[in-house]
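Undergrad: Predicted model and sequence follow; I will ask about them next.
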Amino acid sequence: MTAQAIIQSLASGLLMGLLYGLIAVGLALIFGLMDVVNFAHGEFLMIAMYVSFFLFTFFAIDPLLSAPLVAAALFVLGAVVYLLVVRFAMRAKANAGMVQIFSTFGLAIVMRGLAQFFFTPDYRSIPQSWLGGKTISVAGIFLPEPQLIGALVSILAFGGLYFFIHRTDFGRALEATREDPGAVALVGIDKNRVFALGWGLGAALVGLAGAIMAVFFYIYPDVGASFALIAYVTVALGGFGSVFGAFAGGIIVGLVEAVTALVLPPSLKSVGIYAVYLLVVFIRPRGLFGSM
Amino acid sequence: MDKTFAARRRRDLIVAAVLAALAALAPLFVKDVYVQNILILTLMYAALSQSWNILSGYCGQISLGHALYFGIGAYATELLFTKFGVLPWFGMLAGGAIAAIIAMGLGYPFFRLRGHYFVIATIVIAEIGLLLFQNWEWAGAAMGITIPVRGDSWLKFQFMRSKLPYFYFALVLCGLAWFVTWWLEDSKWGFWWRAVKDNPEAAESLGVVVFNSKMGAAAVSAFLVAIGGAFYAQFLAYIDPESVMGFQFSLLMALPAVLGGIGTLWGPVLGAAILIPMTELTRSYIGGSGRGVDLIVYGTLIVLISLALPQGLVSLFSRSKSKNQAKGATR
């Protein structure tokens, strides 16, 4: 194994890790806001990939350009899911954790069923996008363009989110609602509106990831499942509720996956992620950046 | 409806005995193999869900990784049978014991985790198990193991001509899981578990050994689920990692209890009796098109039921039950 090969896989791992971070940030935002894990997160990603695919197929809009449209579509989906399902799940007094898990899980099954119904179980791909199949070579290291753009989008989106949470009125409302949903009502903040926007925002972030990933991944109804598990692991690794933790967790997960793929057969590449995750939560049960 | 806890327990036992006797007679009337198959699966999932309910319902440690124990039961039985000629009965017990030991070994780190951290850790550990079995050449890797046909015999627990022996075994397993739950409900452990579920800190301060009681729940739960896995492997006569350790089993085990009523004695049985026939029927009548209509129906029902009845279907039947339970707990 040459140094070149190691640097190459670390670079690829970093790019992939930034995308994992982008997928996980939305999940962490929703969790941080209201303590709910969205078990349909992978299906949000899947829907985003299909939206991107159809925008390309029917309107010839390149995924690179359609990404904001996809994010907007997912924003609506996220808000609707909150208003139709999660809002009621949060009212459960008995077995609250169970109700959240199974209502969002049931939703995931419905979304997969709908995707199968409307789009068939066939594998689809976007054949000729602007970025598809192109690579950039830097000092002998090959970087695929779609992943490179994905990484840039991820950094920009995270920066934007960070600014949004800490510098805008709505971000402050978000933060206040997170800290005390009861008290914000007294100052005229509608909890449901804030939560719906939070869900929309979380879904829009995963929408961006989906639009980019549609360029270099096959699109099929079950595609979300494997990424969702990685996203849960990423969020838990970084610490539930910490948006920064999710982003950092994504980078760690990408790098660990790349290193694992160097030493183990490709079919075992996820084992490295899971092992590192278990190690971290056993040492720090609240994840790397999770608050007690 | 002013029954004491002890009277309710006696009544539960009688109802269970009557139901089991009626179920045992069912094959006299049900000759259709397709329907028999549904009955067997219903009993198996009732047993699995009842076992899952011990750790996740009574003790409150929500596991979505019980497929690991199911797969271990299946693999232990079939590896011992095909590689060493050990009879499935012993393989089944070995699988149960291995699963219980692994569950306790995992308990050391896992039971420090709270809430979603615990749930995700259980999903991850089952996923690791799945990946390892998919890559373990000696155990057949992703191709799995085809169980050689040795004819109809109770000794080898293999039946080709009729499904009825499987039906009776599943009935016994379901009865066993129910009885163990019934028995534990009124034991020291049962009370400890409910205390741990409601408030671990308070339980600890009152002298409940929280950690040990979680360990006990994990071991019993894993043991029974592994027996179910061993049964399923013999029943299908073929196993591969995805078909015995896939995430869907973790979910299918949890759903009947969630639907029927989590942490209740009758919830898993009631949930399985409704959910499994419904799953099988939607799959064969509207799922055949491969267009996912069965998924849509199934998923919608899960969402609606978990939102409308957070305490499960048993809460419809017995409004007084929770009151009695509280009385029993404080007597």
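TA: Nice, I can see it. Keep in mind that what you see is a predicted model, and the values were worked out from it rather than measured.
Undergrad: Show me the helices in the stretch 101-250 of chain B, by range?
TA: Applying DSSP state H, counting those that start in this stretch to the stretch 101-250 of chain B gives helices spanning B:115-135, B:164-185, B:188-198, B:200-205, B:210-236, B:241-245, B:247-260.
Undergrad: One more: chain A?
TA: With DSSP state H, the ranges of helices along chain A come out as A:3-34, A:41-59, A:63-81, A:87-89, A:96-119, A:145-167, A:169-179, A:181-186, A:191-213, A:223-238, A:243-263, A:269-283.
Undergrad: so can I have JSON lines of those showing mean neighbour count, mean pLDDT and distance to residue B:182?
TA: Where C-beta positions appear, they are placed from N, C-alpha and C, glycine not excepted. Below are those laid out as JSON lines (neighbours: other C-beta atoms under 10 Å in any protein chain shown; pLDDT from 0 to 100; distance: least, C-beta to C-beta, whole Å):
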{"stretch": "helix A:3-34", "mean neighbour count": "22", "mean pLDDT": "90", "distance to residue B:182": "37"}
{"stretch": "helix A:41-59", "mean neighbour count": "23", "mean pLDDT": "94", "distance to residue B:182": "38"}
{"stretch": "helix A:63-81", "mean neighbour count": "20", "mean pLDDT": "94", "distance to residue B:182": "40"}
{"stretch": "helix A:87-89", "mean neighbour count": "18", "mean pLDDT": "89", "distance to residue B:182": "31"}
{"stretch": "helix A:96-119", "mean neighbour count": "22", "mean pLDDT": "89", "distance to residue B:182": "22"}
{"stretch": "helix A:145-167", "mean neighbour count": "17", "mean pLDDT": "89", "distance to residue B:182": "51"}
{"stretch": "helix A:169-179", "mean neighbour count": "16", "mean pLDDT": "81", "distance to residue B:182": "43"}
{"stretch": "helix A:181-186", "mean neighbour count": "12", "mean pLDDT": "78", "distance to residue B:182": "41"}
{"stretch": "helix A:191-213", "mean neighbour count": "25", "mean pLDDT": "92", "distance to residue B:182": "42"}
{"stretch": "helix A:223-238", "mean neighbour count": "26", "mean pLDDT": "90", "distance to residue B:182": "35"}
{"stretch": "helix A:243-263", "mean neighbour count": "22", "mean pLDDT": "92", "distance to residue B:182": "44"}
{"stretch": "helix A:269-283", "mean neighbour count": "19", "mean pLDDT": "89", "distance to residue B:182": "35"}
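Undergrad: ok, back up a step: may I see the helices of the stretch 101-250 of chain B organised as a markdown table, with distance to residue B:281 and mean pLDDT added?
TA: As requested, the helices of the stretch 101-250 of chain B are exported to a markdown table (distance: least, C-beta to C-beta, whole Å; pLDDT from 0 to 100):
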| stretch | distance to residue B:281 | mean pLDDT |
| --- | --- | --- |
| helix B:115-135 | 28 | 90 |
| helix B:164-185 | 18 | 90 |
| helix B:188-198 | 34 | 84 |
| helix B:200-205 | 41 | 80 |
| helix B:210-236 | 20 | 92 |
| helix B:241-245 | 21 | 89 |
| helix B:247-260 | 15 | 88 |
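Undergrad: Could you save these as a markdown table and add columns showing mean neighbour count and distance to chain A?
TA: Output for the helices of the stretch 101-250 of chain B, formatted as a markdown table (neighbours: other C-beta atoms under 10 Å in any protein chain shown; distance: least, C-beta to the nearest C-beta, whole Å):
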| stretch | mean neighbour count | distance to chain A |
| --- | --- | --- |
| helix B:115-135 | 20 | 5 |
| helix B:164-185 | 20 | 18 |
| helix B:188-198 | 20 | 10 |
| helix B:200-205 | 14 | 14 |
| helix B:210-236 | 25 | 14 |
| helix B:241-245 | 22 | 11 |
| helix B:247-260 | 25 | 5 |
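Undergrad: could you dump those to a markdown table with distance to residue A:110?
TA: Listed next are the helices of the stretch 101-250 of chain B as a markdown table, based on distance: least, C-beta to C-beta, whole Å:
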| stretch | distance to residue A:110 |
| --- | --- |
| helix B:115-135 | 20 |
| helix B:164-185 | 30 |
| helix B:188-198 | 30 |
| helix B:200-205 | 34 |
| helix B:210-236 | 27 |
| helix B:241-245 | 23 |
| helix B:247-260 | 14 |
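Undergrad: circling back to that earlier point, out of the helices of chain A, which gets nearest to residue B:63?
TA: helix A:96-119 (11.4 Å; C-beta to C-beta).
Undergrad: returning to what we had before: can you tell me which of the helices of chain A is nearest to chain B?
TA: Nearest to chain B among the helices of chain A is helix A:96-119 (2.9 Å), distances taken as C-beta to the nearest C-beta.
Undergrad: Could you tell me how far the closest one lies from the centre of the chain?
TA: Relative to its chain's centre, helix A:96-119 lies at 17 Å (C-alpha atoms, centre = their mean, to the nearest Å).
Undergrad: Can I take it that residue B:295 is in a helix?
TA: Yes - counting by DSSP: H, G, I helix; E, B strand; the rest coil, residue B:295 is part of a helix.
Undergrad: where does it land on pLDDT?
TA: Looking at residue B:295, its pLDDT is 83.
Undergrad: how close does it sit to residue B:270?
TA: Separation of residue B:295 from residue B:270 (C-beta to C-beta, to the nearest Å): 23 Å.
Undergrad: these two touch, right, residue B:48 and residue B:254?
TA: No - with contact defined as C-beta atoms under 8 Å, residue B:48 does not count as touching residue B:254 (9.3 Å).
Undergrad: what's the overlap in contacts for these two?
TA: By C-beta atoms under 8 Å, 6 or more residues apart in numbering or on different chains, residue B:48 and residue B:254 have these common neighbours: residue B:66.
Undergrad: returning to that earlier point: what's the closest of the helices of chain A to residue B:115?
TA: Nearest of those (C-beta to C-beta): helix A:96-119, 6.7 Å.
Undergrad: Mind exporting the C-alpha coordinates of the closest one to PDB?
TA: Written as PDB, here are the backbone C-alpha positions of helix A:96-119 (Å, rounded to 0.1, in the frame of the first residue of the first chain):
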ATOM      1  CA  ALA A  96     -44.000   8.500  23.800                       C
ATOM      2  CA  GLY A  97     -40.700   7.100  22.600                       C
ATOM      3  CA  MET A  98     -42.400   4.100  21.000                       C
ATOM      4  CA  VAL A  99     -45.000   6.300  19.300                       C
ATOM      5  CA  GLN A 100     -42.400   8.500  17.700                       C
ATOM      6  CA  ILE A 101     -40.300   5.600  16.500                       C
ATOM      7  CA  PHE A 102     -43.200   3.600  15.000                       C
ATOM      8  CA  SER A 103     -45.200   6.500  13.600                       C
ATOM      9  CA  THR A 104     -42.100   7.800  11.600                       C
ATOM     10  CA  PHE A 105     -41.200   4.200  10.800                       C
ATOM     11  CA  GLY A 106     -44.600   3.500   9.500                       C
ATOM     12  CA  LEU A 107     -44.300   6.600   7.400                       C
ATOM     13  CA  ALA A 108     -41.000   5.300   6.000                       C
ATOM     14  CA  ILE A 109     -42.700   2.100   4.900                       C
ATOM     15  CA  VAL A 110     -45.500   4.100   3.300                       C
ATOM     16  CA  MET A 111     -43.000   6.300   1.400                       C
ATOM     17  CA  ARG A 112     -41.200   3.300   0.200                       C
ATOM     18  CA  GLY A 113     -44.500   1.700  -0.900                       C
ATOM     19  CA  LEU A 114     -45.500   4.900  -2.700                       C
ATOM     20  CA  ALA A 115     -42.100   5.100  -4.500                       C
ATOM     21  CA  GLN A 116     -42.500   1.500  -5.600                       C
ATOM     22  CA  PHE A 117     -46.100   2.100  -6.800                       C
ATOM     23  CA  PHE A 118     -45.300   5.200  -8.800                       C
ATOM     24  CA  PHE A 119     -41.700   4.700  -9.900                       C
END
